[in-house]
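> Test case, fold it:
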Amino acid sequence: MTRLGLYLTKKSINRAMVSRRTGISQARLSQLSSNESTKLRADELYAIALAIDVDPCEVLKELYGDMILEG
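From the prediction side, this is the model:
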């Protein structure tokens with residue numbers, strides 16, 4: 001399961017509702033939730049955050065807050 005999938009599960013988010021509100025297909029949400037090689041686009045992340053009534057920055061921090069830059 002991806003970080004997005006874990007986040008949505010932790011928040012008990014209904015993926016069908018997210019799909020209806022965002023226009024992102026349930027198949028795409030399934031890919032984003034389960035397949036680590038599937039890339040989450042910024043517009044998708046923003047739409048998902050709006051659909052679940054969460055600040056997009058919270059979602060970004062939850063998914064990528066442990067990122068460290070090299071160099």
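> Can you get me a residue count around Arg21?
By the criterion of other CB atoms under 10 Å, Arg21 has 14 neighbours. Just so you know, the C-beta spots here come from the backbone N, C-alpha and C atoms, and that holds for glycine as well.
> That should have said Asn35, apologies.
Asn35 has 12 neighbouring residues, counting by other CB under 10 Å.
> List the contacts of the residue nearest to it when sequence neighbours are not counted.
Excluding the flanking residues, the one nearest Asn35 by CB to CB, 6 or more residues apart in numbering is Thr2, at 6.9 Å. Shown in contact with Thr2 (CB atoms under 8 Å, 6 or more residues apart in numbering): 32-36, 38.
> again with Thr9
Applying CB under 8 Å, 6+ apart, we find Thr9 in contact with Met1.
> And it, how far from Glu70?
Distance of Thr9 to Glu70, computed by CB to CB, to the nearest Å: 30 Å.
> Please apply the same query to Glu58.
From Glu58 to Glu70 the distance is 26 Å (CB to CB).
> Repeat that for Asp43.
27 Å.
> list the buried ones in stretch 35-52?
Neighbour-count burial for stretch 35-52, counted by 16 or more other CB atoms under 10 Å, picks out 40, 44-45, 47-49, 51-52.
> so can I have JSON lines of those residues showing distance to Glu62 and pLDDT?
Formatted as JSON lines, the buried residues of stretch 35-52 follow (distance: CB to CB, whole Å; pLDDT from 0 to 100):
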{"residue": "Leu40", "distance to Glu62": "12", "pLDDT": "96"}
{"residue": "Glu44", "distance to Glu62": "15", "pLDDT": "97"}
{"residue": "Leu45", "distance to Glu62": "11", "pLDDT": "97"}
{"residue": "Ala47", "distance to Glu62": "16", "pLDDT": "98"}
{"residue": "Ile48", "distance to Glu62": "12", "pLDDT": "98"}
{"residue": "Ala49", "distance to Glu62": "10", "pLDDT": "97"}
{"residue": "Ala51", "distance to Glu62": "15", "pLDDT": "97"}
{"residue": "Ile52", "distance to Glu62": "12", "pLDDT": "97"}
